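Student: sequence first, then the predicted structure, then my questions.
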There are 2 protein chains.
Amino acid sequence: MKFGGTSVAGTERIRRVANIVRAQAAAGNEVAVVVSAMAGETDRLVNFCREANPLYDPAEYDVVVASGEQVTSGLLALTLQSMGRKARSWLGWQVPVRTFASHANARVGAIEAEPMIEAMQGGEIAIIPGFQGVSDNGRITTMGRGGSDTSAVAVAAAIEADRCDIYTDVDGVYTTDPRIVARARKIKHIAFEEMLELASVGAKVLQTRSVSMAMKYNVRVQVLSSFVDENSPSADSLPGTMIVSETEMGKLLEEGKVERQSVTGIAHDKNEARVVLTRVPDKPGAVADIFTPLGEAGINVDMIIQNVGRDKGETDVTFTVPQAELARAQAMLEDRQEALGFNRLITDSKVAKISVVGMGMKSHAGVAATMFKALADRGINVQAISTSEIKVSVLIDEDETELAVRVLHTAYGLDAEDDAA
Amino acid sequence: MKFGGTSVAGTERIRRVANIVRAQAAAGNEVAVVVSAMAGETDRLVNFCREANPLYDPAEYDVVVASGEQVTSGLLALTLQSMGRKARSWLGWQVPVRTFASHANARVGAIEAEPMIEAMQGGEIAIIPGFQGVSDNGRITTMGRGGSDTSAVAVAAAIEADRCDIYTDVDGVYTTDPRIVARARKIKHIAFEEMLELASVGAKVLQTRSVSMAMKYNVRVQVLSSFVDENSPSADSLPGTMIVSETEMGKLLEEGKVERQSVTGIAHDKNEARVVLTRVPDKPGAVADIFTPLGEAGINVDMIIQNVGRDKGETDVTFTVPQAELARAQAMLEDRQEALGFNRLITDSKVAKISVVGMGMKSHAGVAATMFKALADRGINVQAISTSEIKVSVLIDEDETELAVRVLHTAYGLDAEDDAA
């Protein structure tokens, strides 16, 4: 079970969390709980680090910020004890949760959970601070913002949990953003691959890395709200979203427990920016010369379109980068203008990426065609397209985001039938 | 070097501390620094624990409260790095600072500082969170409030430091409380034994346990103010108080660097309460019957006087206990009134203990006589007396505390000669 910062913000809320945990333990489950820092605490600690040293050493940054989760772990253990349950905290270095790669952005490696598993088998609830681990040389590491979801999945994998319940401030994954489409439906079951595409294109329910890890170790992840009735006997009956393997999804389809659909969900992302380079020489290697330096600088280029040149031997190249990296990309390209030989560099931040995602695309033909037609019927101009096996994304004018999402939600038959939904 | 909570309350103050540390390192010293939590932080964390579980598990309490020192350690390391110094934090479990006895009140055991010493020899400043250690079974421990002084002395002993500088909000140990006696003098050198007596009778400069440890391991401790000029080149020239062994004190006396005096300092303590049991049967074992149960209950009985009985076969017994334990002591005695056979139990919290302390008493006769005469001359009534090899304490009316301290300060020739002092 994993609880985020809002769920553990203060001892009153930690008591609510403890009640939810207690109900799971009372139902006969052996329970490990991963907790975030109290909401606001990590920001406070990060600010301290910035004040102390703007170019902070990530190893010491980790020492400071990991303390937030340490506090909530101890407090949750204390609260469970006050309810008569056996509980103890297991800090990252105590489990230990081994990590590799850099400080402040560590990746989870081996989790040697034997002592913790033994304690759990003895009826003790294990509380693990999320987001933190220990490096090979015995120093505290953290996994980057949002890393607690990854911690939870990694711990679930290590203890071979039946399920990893991630309690959050939403009650599940929806077919699209319910603030845009009132008739968005909560998805009961979704495949890892689909969730990964939805997470990476802007459905901010779970951290992308945690979904990759769940897929890798085949950990069934349930997303559900921590603001449910804390006296509910079992999360099994809670109406969250279960994220499962393609295999399990196939079985559910066969058993008729899941409806076969071409598209599972629709995501939007307003954080992309479009870059156009005009009149790039149309010769071998020209495109590689543009994208190789951007890639080396860690700038994530997403959609790429090479327009047919109006003039012979020249072409326009369009692509997208995250808005946060636009300035850096622009500077790099302008520095190389002569070498690359383009005429003008045009940028546009007022764009949005709309993606339709679904395992069903593999067997349903015409998903992309449906998309283009539905958008065209409403006069929405598509500026770029990218596709994967289970996703079609288009770039449109940012002002048309909500309209496009609504149109597509209806076009793929995702609207809830019940008007009350 | 050890800095308390007020000195590290916020990144601005941590920068001041870093400057003081940097000056020591720049002077060619290998430096280890022990830090407390930011002022107020430990209280905040303790309150969280109490809210979570009023009967808290001290092992989890330790997990929560130890985080405060962890944060300041990381921040001080970051700040020193921002000044171009190599620095890293060494948490209690990383050094490791092994502790024994109970959680929340652990005692320091072995400190295996080899890796840290190596790092220091490589020019890296070591930052150690005070107050925390690690138990045999790998859990975080804390040493009770004020434990950071003890941490500092223990680390100093482990690394065989030339000196342990304890920066605090006063600039040294005075012959008496300067708020009472304007002509109180700062003591330049004091013996461990004297400091121990002064610390335990109310001169709240250092935690008693830290002084005992300094004496045990012969760690020279300097008390000095953290609000000195941060750009001062070296703490050696700072006018703090140096606490040293009796042997070193002897050498300083021989060399004429210290003046031979009968009394080094005068302390007062208003936290005692007096208990009188009247008409206790004057028979063997009667006094033991009174004090044995109090001792077993952990109530610290200090001064004891058995008055000559007015009636044959009866005696009045007077003693003191800390005010905080008065109610408990009173209840225990009243429960046993019949068995003990006393007539009335009279208590008085409006008393003060005045102590004169000095190694010089061993060789100077008449120190106690001087005290009684000086007090009698001003009409101050002595209610009880207790003595040790280097201390004479008297119990007087609380209202006469300041007068008594002033009278004695003058009587022992401790007044500063310079009116400006």
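Tutor: Yep, that arrived.

Student: check which helix or strand the residue lying farthest from the centre of chain A maps to.
Tutor: Residue farthest from the centre of chain A, counting by CA atoms, centre = their mean, is residue A:312 at 43.8 Å. Taking DSSP states H and E as the definition, residue A:312 sits outside all helices and strands.

Student: near residue A:36, how many other residues are there?
Tutor: Residue A:36 is flanked by 27 other residues according to other CB atoms under 10 Å in any protein chain shown. Every C-beta, even on glycine, is put in place using the N, C-alpha and C of the backbone.

Student: need the pLDDT of the residue farthest from the centre of chain A.
Tutor: As predicted, residue A:312 sits at a pLDDT of 74.

Student: tally of neighbours for residue A:115?
Tutor: Neighbours of residue A:115 (other CB under 10 Å): 15.

Student: for residue A:121, same thing?
Tutor: For residue A:121, the tally of surrounding residues (other CB under 10 Å) stands at 9.

Student: domain map for chain A?
Tutor: A:2-256, A:260-421 (automatic domain parsing).

Student: show me which helix or strand of chain A is least confident by mean pLDDT.
Tutor: strand A:304-307 (a mean of 80; mean pLDDT, DSSP states H and E).

Student: from the contact counts, what lies against that strand?
Tutor: The contact analysis (3 or more CB pairs under 8 Å, 6 or more residues apart in numbering or on different chains; DSSP states H and E) places strand A:304-307 against helix A:286-296, strand A:314-322, strand A:384-388.

Student: the longest one packs against which elements?
Tutor: Under the contact definition 3+ CB pairs under 8 Å, 6+ apart, helix A:286-296 sits against strand A:272-281, strand A:304-307, strand A:314-322, helix A:326-335, helix A:337-340.

Student: and those, which one averages the lowest pLDDT?
Tutor: strand A:304-307 - the lowest mean pLDDT of the helices and strands packed on helix A:286-296, at a mean of 80.

Student: what does it contact?
Tutor: With CB atoms under 8 Å, 6 or more residues apart in numbering or on different chains as the test, strand A:304-307 has contacts from A:287, A:291, A:315, A:316, A:317, A:318, A:319, A:384, A:385, A:386.

Student: can you list the strands that that strand pairs with?
Tutor: Strands that pair with strand A:304-307, judged by DSSP bridges, come out as strand A:314-322 (antiparallel).

Student: count of neighbours near residue A:364?
Tutor: Residue A:364, neighbours per other CB under 10 Å, totals 15.

Student: chain neighbours aside, what residue packs nearest to it?
Tutor: residue A:262 (3.7 Å; CB to CB, 6 or more residues apart in numbering or on different chains).

Student: thinking again about what came up before, need the helices and strands packed on strand A:304-307 in a markdown table (columns: distance to residue B:397 and mean neighbour count).
Tutor: Formatted as a markdown table, the helices and strands packed on strand A:304-307 follow (distance: least, CB to CB, whole Å; neighbours: other CB atoms under 10 Å in any protein chain shown):
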| stretch | distance to residue B:397 | mean neighbour count |
| --- | --- | --- |
| helix A:286-296 | 82 | 15 |
| strand A:314-322 | 76 | 20 |
| strand A:384-388 | 88 | 15 |
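
Student: with distance to residue B:44 added, can I get the ones you listed in a markdown table?
Tutor: Shown next, in a markdown table, are these (distance: least, CB to CB, whole Å):
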| stretch | distance to residue B:44 |
| --- | --- |
| helix A:286-296 | 46 |
| strand A:314-322 | 38 |
| strand A:384-388 | 49 |
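
Student: Provide a list of residues in contact with the residue nearest to residue A:364.
Tutor: A:358, A:360, A:361, A:364, A:367, A:412 are the contacts of residue A:262 under CB under 8 Å, 6+ apart.

Student: circling back: got the contacts of strand A:304-307 as TSV, with distance to residue B:283 columns?
Tutor: What follows is these, written out as TSV (distance: CB to CB, whole Å):
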residue	distance to residue B:283
A:287	108
A:291	101
A:315	114
A:316	112
A:317	108
A:318	106
A:319	102
A:384	104
A:385	105
A:386	100
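
Student: run through chain A and note the low-pLDDT ranges.
Tutor: For chain A, the stretches with pLDDT under 70 are A:202-203, A:228-238, A:308-311, A:418-421.

Student: please repeat the previous calculation with a cut-off of 80.
Tutor: A:101, A:145-146, A:199-204, A:226-239, A:284, A:307-312, A:417-421 (pLDDT under 80).

Student: for it, just list every one of the helices.
Tutor: A:11-26, A:41-52, A:58-65, A:67-82, A:114-121, A:147-158, A:192-200, A:208-217, A:246-254, A:286-296, A:326-335, A:337-340, A:367-377, A:401-411 (DSSP state H).

Student: and those helices: which comes nearest residue B:165?
Tutor: Distance to residue B:165, taken as CB to CB, is lowest for helix A:41-52 among these, at 22.0 Å.

Student: report the distance from the closest one to the chain centre.
Tutor: 24 Å (CA atoms, centre = their mean, to the nearest Å).

Student: tell me what angle that helix forms with helix A:147-158.
Tutor: Orientation check (axes from the mean of the first three to the mean of the last three CA atoms, to 10 degrees): helix A:41-52 against helix A:147-158 gives 120 degrees.

Student: list the buried ones in the least confident helix or strand of chain A?
Tutor: residue A:305 (16 or more other CB atoms under 10 Å in any protein chain shown).

Student: got the CA positions of that strand in CSV?
Tutor: Provided in CSV are the C-alpha atoms of strand A:304-307 (Å, rounded to 0.1, in the frame of the first residue of the first chain):
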residue,chain,number,x,y,z
ILE,A,304,9.1,14.7,-36.3
ILE,A,305,7.7,15.7,-39.8
GLN,A,306,9.7,16.4,-42.9
ASN,A,307,7.5,18.4,-45.3
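
Student: that older thread, out of the helices and strands packed on strand A:304-307, which comes closest to residue A:77?
Tutor: Per CB to CB, nearest to residue A:77 of the helices and strands packed on strand A:304-307: strand A:314-322, 39.4 Å.

Student: hmm, who's touching that closest one?
Tutor: Contacts of strand A:314-322 (CB under 8 Å, 6+ apart): A:271-282, A:287, A:290-291, A:294, A:299-309, A:329, A:342, A:351, A:353, A:383-384, A:395.

Student: so how many other residues sit close to residue A:383?
Tutor: Residue A:383: 18 neighbours (other CB under 10 Å).

Student: er, residue A:300 I mean
Tutor: 13.

Student: who does the residue nearest to it when sequence neighbours are not counted form a beta bridge with?
Tutor: Leaving aside its chain neighbours, residue A:300 sits nearest to residue A:322 (6.1 Å; criterion: CB to CB, 6+ apart). Beta-bridge pairing of residue A:322 under DSSP bridges involves residue A:272.

Student: about what we covered before: nearest to residue B:85, of the contacts of strand A:304-307?
Tutor: Taking the contacts of strand A:304-307 together and measuring to residue B:85 by CB to CB, the closest member is residue A:291, at 41.8 Å.

Student: my read: the closest one touches residue A:299, true?
Tutor: No: counting by CB atoms under 8 Å, residue A:291 stays clear of residue A:299, with 9.2 Å between them.

Student: pick the most buried one from the domains of chain A.
Tutor: The highest mean neighbour count among the domains of chain A, using mean count of other CB atoms under 10 Å in any protein chain shown, belongs to domain A:2-256: a mean of 21.
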